[in-house]
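Colleague: Sequence first, then the predicted structure, then my questions.
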Amino acid sequence: MKAVVQSAVPVDFHGVTNLLTYPLFNGNKGVNSCCGVRDMLKIEGLTVEINGKRVLNEINLEIKKGELLVLFGPNGSGKTSLLMTIMGFPRYKVVKGRIIFKDQDITHLPVYERAKMGIGISFQRPPTITGLKTGDLVKLCAHGKKIDMERLAEEINFSHLLDRDVNDGLSGGEIKRSELLQLMAQEPDLILLDEPESGVDLENIALIGETIKKLMGRAPTKPITCRSLKEEKAERKKSGLIITHTGHILRYVPADKGRILYKGKMCVGGNPFEILEQISKYGYQECIRCLNGNSI
Amino acid sequence: MSEREFNLTALPKKEKQRLAEAGIEADFTKREGTFIQEDLEVVHCKVEQEGLELLSTQEALQKHDWLKDYLWQCMSPDKDEYTKAVKEGPFNGYFIRALPGVKNLKPIQAALLIATSGFVQNVHNIIIVEEGAELHIITGCLTTPHISKGVHLGVTEVYIKKGGKLHFTMIHRWGKDVIVRPRTAVKVEEDGQFISNYITLGEVKSVQMFPVVRLKGKRAVAQLQSVLVAPPGSQLDVGGEVICGAPQARAEIISRAMTTGGQIISRGRLVGEVGGVKGHLECKGLILKNGFIHAIPELVAKTDAVELSHEAAVGKIAQEEIEYLMARGLDEEEATSVIVRGFLEADIEGLPAALQKKLDEVIEETSKDLL
């Protein structure tokens, strides 16, 4: 398939009026137009079933190169199902639509092929694997790349747990850190994060937020005065999709845009902070109105 | 001391490989002593370190009059038809003794080899760890590569005196029609320790064994660990019992059983006879292909103030675990292999580095064959 060059216009935003007042959005247009950014992920009309039951309906979604999208939605709305489908778990059966990753149709590729192409996922409740040390799994995640395991583990405060069996007896925060450590070794281009803040205490949410920024290549490597925000954005190559139920992680991770998934359907999109504010004030009422009136 | 020497390094590659798979090192300098018995004949028997005795059981009985006081003291020859057969039939085996305070660094290795098709090998081993001594024994029981049929009846009596420690590793590598009936009994005195690893990863027709360890002295410790793989056509009825008969005695039985088509009965029995003892039994089974696993964990408390616990779990590899690893870029075969390896090696502790490496290699080969 040939590369698809997108226009400079950001994806559709509904119901958001003051988008450009948020600093992270300033200059987006310029960045896109000068770099000719392609979509990292493009989902077209995706309909998914689990054991014959529909869980996702006609989903359309785009995540551009360097972009971090946050997906809101109440429990049971299909957020995790969407992540699992993007990752390719066979239980999630695509009955319609396509998933395009880095310009390739991956709709029917097995999970490990997608991982090798550059999709990485942080699970919300990963399984325990008896007898496999976390450190050994981190090495496997690197797939032969040379990694400085000690430094990576130190960065995420996991050094003392490297000899522990994978996810065995770990606290909520430790599980999240283990997941991120594996992603640090894997270095995916598209990072899927399923509620990275759930079960994590405040102190560790900050650490997790910092790590996500590093994974996205957004942690400053040189003093900020050396380059403009525009330049910095132009250098962003990694993309991310974060699921959040509470929105707490937004305090630490600068998301570029937000969408809401409600009852398996994608509805409003726009500035993530405003969406969060709306949800905090009015719950998901707006989604019901949106779905009834303006299907996306 | 009688010393016979046999050059293992001169053996054909296939035979050396098979011995290595049973934990027997061809380079004898890596061992404190080596004993090799082919059918009933002892072909090599040599020990290097002072304070260690290594003899065939027949020679030891001739040399040490007092050894009669140890013979059949841990178990009765009338225990079953197999112990009777060993008592009555022609037998050999090894006698290993560590004199008081001897602490050797390298293991002693003993190979019990069936080299004649259909041979019935009767073995009677006696191990004595005197006060404060420490001993590590690796016993490899095997058939030569071209032999598929045979019977191995092995009586092993172990005496661990006050403060003594025995690390006993037994690795089986049999032909597909071999019947194996080891009978092991152990007595552990005050502050003594018995750590046993039993490993069988390859083909065999039938193994039935249930070593009994009696912790007779205060603070005595027993740890029985087994790693079992049952290929199609094999029957493994394997377990062990620890009787905690003195205050502060501690026991642990850990079993990892995996079938790729064979049948496994995985037993474990902990008995608390007096107060203040602790024991834990863990029995985990994995059905990789068609097969059968019956886990039988038993706890017997004869008084209050004993702490005995067990956990048992049998099932197939969780698809969730495979998919988790696949999400990290491992294909299904690689993911399965990693999980099998982890399952078999979990919690098997205390193996010396060299043997751990050997075990790793054997497990890796076995995992590859399974997929």
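Modeller: Ah, there it is.
Colleague: Next one: the residue of chain B found nearest chain A, what pLDDT does it get?
Modeller: Using C-beta to the nearest C-beta, the closest approach of chain B to chain A is made by B:Gly342 at 2.7 Å. C-beta: built from backbone N, CA, C; applies to glycine. Confidence at B:Gly342, expressed as pLDDT, is 85.
Colleague: List the contacts of it.
Modeller: A:Ile129, A:Thr130, A:Gly131, A:Leu132, A:Asp165 (C-beta atoms under 8 Å, 6 or more residues apart in numbering or on different chains).
Colleague: Only the buried subset of those, as a ChimeraX command please.
Modeller: Of the contacts of B:Gly342, the buried ones can be selected in ChimeraX as follows, counting by 16 or more other C-beta atoms under 10 Å in any protein chain shown:
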select /A:129,130,131,132,165
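Colleague: quick one: which of the contacts of B:Gly342 sit in strands?
Modeller: A:Ile129, A:Thr130, A:Gly131, A:Leu132, A:Asp165 (DSSP state E).
Colleague: Closest to chain B out of these?
Modeller: Once C-beta to the nearest C-beta is applied, the member of the ones in strands among the contacts of B:Gly342 that ends up nearest chain B is A:Gly131, at 2.7 Å.
Colleague: surely the closest one meets B:Phe343?
Modeller: Yes - contact criterion C-beta atoms under 8 Å: A:Gly131 and B:Phe343 qualify, at 5.3 Å.
Colleague: re earlier: of the ones in strands among the contacts of B:Gly342, list those near chain B.
Modeller: A:Ile129, A:Thr130, A:Gly131, A:Leu132, A:Asp165 (C-beta under 8 Å from any C-beta of the partner chain).
Colleague: Kindly reformat these as TSV and extend each row with pLDDT.
Modeller: Output for these, formatted as TSV (pLDDT from 0 to 100):
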residue	pLDDT
A:Ile129	93
A:Thr130	87
A:Gly131	87
A:Leu132	92
A:Asp165	94
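Colleague: I'd like the residues you listed as JSON lines, with distance to A:Asp105 appended.
Modeller: Shown next, in JSON lines, are these (distance: C-beta to C-beta, whole Å):
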{"residue": "A:Ile129", "distance to A:Asp105": "32"}
{"residue": "A:Thr130", "distance to A:Asp105": "37"}
{"residue": "A:Gly131", "distance to A:Asp105": "37"}
{"residue": "A:Leu132", "distance to A:Asp105": "33"}
{"residue": "A:Asp165", "distance to A:Asp105": "37"}
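Colleague: Looking at the ones in strands among the contacts of B:Gly342, which is nearest A:Asn271?
Modeller: Using C-beta to C-beta, A:Ile129 is the member of these that lies nearest A:Asn271, at 39.7 Å.
Colleague: List the residues that contact the closest one.
Modeller: Neighbours of A:Ile129 in contact, by C-beta under 8 Å, 6+ apart: A:Leu137, A:Asp165, A:Val166, A:Asn167, A:Asp168, B:Glu321, B:Tyr324, B:Leu325, B:Val338, B:Ile339, B:Gly342.
Colleague: try B:Gly93
Modeller: B:Gly93 neighbours (C-beta under 8 Å, 6+ apart): B:Gln37, B:Ser56, B:Thr57, B:Leu112, B:Val123, B:His124, B:Asn125, B:Ile126, B:Gly154, B:Val155, B:Thr156.
Colleague: Tell me which of these fall in helices.
Modeller: Residues of these located in helices (DSSP state H): B:Thr57.
Colleague: looking at the contacts of B:Gly93, which has the most residues close by?
Modeller: B:Val155 (28 neighbours; other C-beta atoms under 10 Å in any protein chain shown).
Colleague: Was I right to think it contacts B:Val86?
Modeller: Yes - using C-beta under 8 Å, B:Val155 makes contact with B:Val86 at a distance of 4.8 Å.
Colleague: Now the common contact residues for these two.
Modeller: Counting by C-beta under 8 Å, 6+ apart, the residues touching both B:Val155 and B:Val86 are B:Val123, B:His124, B:Arg183.
Colleague: what's the burial count for B:Glu311?
Modeller: So B:Glu311, with other C-beta under 10 Å, has 10 neighbours.
Colleague: Was I right to think it contacts B:Gly268?
Modeller: No - B:Glu311 is beyond contact range of B:Gly268, at 10.6 Å (criterion: C-beta under 8 Å).
Colleague: Between these two, which contacts overlap?
Modeller: What both B:Glu311 and B:Gly268 touch, as defined by C-beta under 8 Å, 6+ apart, is the set B:Leu281, B:Cys283, B:Pro297.
Colleague: could you measure the closest residue to A:Phe72 other than its chain neighbours against chain B, distance?
Modeller: Sequence neighbours aside, A:Ile260 is the residue nearest to A:Phe72 in space, at 4.8 Å (criterion: C-beta to C-beta, 6 or more residues apart in numbering or on different chains). In this view, A:Ile260 and chain B are 26 Å apart by C-beta to the nearest C-beta, to the nearest Å.
Colleague: go on, A:Gly78?
Modeller: 19 Å.
Colleague: sec struct for B:Lys84, please.
Modeller: helix (DSSP: H, G, I helix; E, B strand; the rest coil).
Colleague: before we move on, the earlier item: let's see which of the contacts of B:Gly93 end up in strands.
Modeller: Per DSSP E, these map to strands at B:Gln37, B:Ser56, B:Leu112, B:Val123, B:His124, B:Asn125, B:Ile126, B:Gly154, B:Val155, B:Thr156.
Colleague: Show me which residues of chain B are close to chain A?
Modeller: B:284, B:318, B:320-321, B:323-332, B:335, B:338-339, B:341-347.
Colleague: Helices - which of those residues land there?
Modeller: B:320-321, B:323-326, B:332, B:335, B:338-339, B:341-345.
Colleague: Against the centre of chain B, work out the most remote residue.
Modeller: Farthest-out residue of chain B from its mean C-alpha position, per C-alpha atoms, centre = their mean: B:Ala327, at 37.9 Å.
Colleague: While we're on that residue, how confident is the model there?
Modeller: pLDDT, B:Ala327: 97.
Colleague: dump the residue contacts of it.
Modeller: A:Met87, A:Phe89, A:Val111, A:Tyr112, A:Ala115, A:Gly120, A:Ile121, A:Phe123 are the contacts of B:Ala327 under C-beta under 8 Å, 6+ apart.
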